[in-house]
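In: quick one, structure for this:
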Amino acid sequence: MNLDHVFVCGNPALDFAATLQARRSVRFEMLATPDRLTAWYVESGLVDAVSPGQEADVEQATAVREAVYRLVTARRLGEEYDGAALTVVNHAARRPPAVPQLTPSGRWTQATPEEALSMVARQAVELLSGPDVPLLKECGNPECTRTYIDRSRGMRRQWCGMESCGNKIKAAAYRARRKAAPAAGR
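Out: Have a look, this model is predicted:
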């Protein structure tokens, strides 16, 4: 797996939940170090810079991530929320968020790891209490466990992203058809 963070889900909280990839099989952790966590916060566009983090920040972030994943999955499936997951997300959302500043070159948001995590938790609260809930779908790739917002016409989107999963599935289906075609022609 690559180490580049991917933002295809349509919401930062969903992209954050997707930083543990392939939950049903190989499980690949994208937030393995404080530097990787900091990189995610900046690459997500939620903040412009994050002060150096510690291992405890990674542990806190992965706890929030797993809680967000459980809540999103429950909402998508029409199930009850897990009380412990609600507590974790709400606790993080209550923390002060990073505050954007106006500079001569434009907007700049410097955050601590805790402020950046608060912003992610607040995104989850807004998502799960907002109008996009009926648009939540899980990627059609059986190896992928990303949940995304399907804003496609007729809600016909099947994959989290064409670059990540759609092309893989289409290429595999094409190879399977090509392999089966000679046998059918005999």
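In: show me what the longest helix that the chain contains is packed up against.
Out: Longest helix in the chain, counting residues (DSSP state H): helix 55-77. The elements that helix 55-77 packs onto, with contact taken as 3 or more CB pairs under 8 Å, 6 or more residues apart in numbering; DSSP states H and E, are helix 12-17, strand 20-21, helix 34-44, helix 83-94, helix 113-128, strand 136-138, strand 147-149. Heads up, the C-betas are built off the backbone N, CA and C, glycines and all.
In: burial of Gly83, as a residue count?
Out: 8 (other CB atoms under 10 Å).
In: revised request: answer the last question for Asp35.
Out: 12.
In: mind putting the helices and strands packed on helix 55-77 into TSV with distance to Thr103 and mean pLDDT?
Out: Shown next, in TSV, are the helices and strands packed on helix 55-77 (distance: least, CB to CB, whole Å; pLDDT from 0 to 100):
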stretch	distance to Thr103	mean pLDDT
helix 12-17	23	97
strand 20-21	35	91
helix 34-44	16	96
helix 83-94	27	98
helix 113-128	18	98
strand 136-138	36	96
strand 147-149	32	96
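In: point out where the chain drops to low pLDDT.
Out: 1-3, 166-177, 181-186 (pLDDT under 70).
In: returning to what we had before: can you say which of the helices and strands packed on helix 55-77 is packed in most?
Out: helix 12-17 (a mean of 25; mean count of other CB atoms under 10 Å).
In: which other residues reach that one?
Out: Outside helix 12-17, the residues that touch it by CB atoms under 8 Å, 6 or more residues apart in numbering are 5-9, 40, 44-46, 64-65, 68-69, 72, 119-121, 123-124, 127, 146-149.
In: swap in stretch 71-91?
Out: So stretch 71-91 is contacted by 13-14, 17, 63-64, 66-68, 70, 121, 124-125, 127-128, 133, 136-138, 147 (CB under 8 Å, 6+ apart).
In: can I get it as PDB, trimmed to CA atoms?
Out: Extracted in PDB, the C-alpha atoms of stretch 71-91 (Å, rounded to 0.1, in the frame of the first residue of the first chain):
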ATOM      1  CA  LEU A  71     -20.900   5.900  14.400                       C
ATOM      2  CA  VAL A  72     -20.800   6.300  10.600                       C
ATOM      3  CA  THR A  73     -21.300   2.600  10.000                       C
ATOM      4  CA  ALA A  74     -24.200   2.500  12.500                       C
ATOM      5  CA  ARG A  75     -25.900   5.500  10.800                       C
ATOM      6  CA  ARG A  76     -25.400   4.100   7.400                       C
ATOM      7  CA  LEU A  77     -27.000   0.800   8.400                       C
ATOM      8  CA  GLY A  78     -29.800   2.400  10.400                       C
ATOM      9  CA  GLU A  79     -28.500   1.000  13.700                       C
ATOM     10  CA  GLU A  80     -28.300   2.500  17.200                       C
ATOM     11  CA  TYR A  81     -25.200   4.400  18.000                       C
ATOM     12  CA  ASP A  82     -22.600   2.800  20.300                       C
ATOM     13  CA  GLY A  83     -22.600   4.800  23.600                       C
ATOM     14  CA  ALA A  84     -18.800   4.600  24.100                       C
ATOM     15  CA  ALA A  85     -18.200   5.800  20.500                       C
ATOM     16  CA  LEU A  86     -20.600   8.800  21.100                       C
ATOM     17  CA  THR A  87     -18.700   9.700  24.200                       C
ATOM     18  CA  VAL A  88     -15.300   9.600  22.500                       C
ATOM     19  CA  VAL A  89     -16.400  11.800  19.500                       C
ATOM     20  CA  ASN A  90     -18.300  14.200  21.700                       C
ATOM     21  CA  HIS A  91     -15.400  14.600  24.100                       C
END
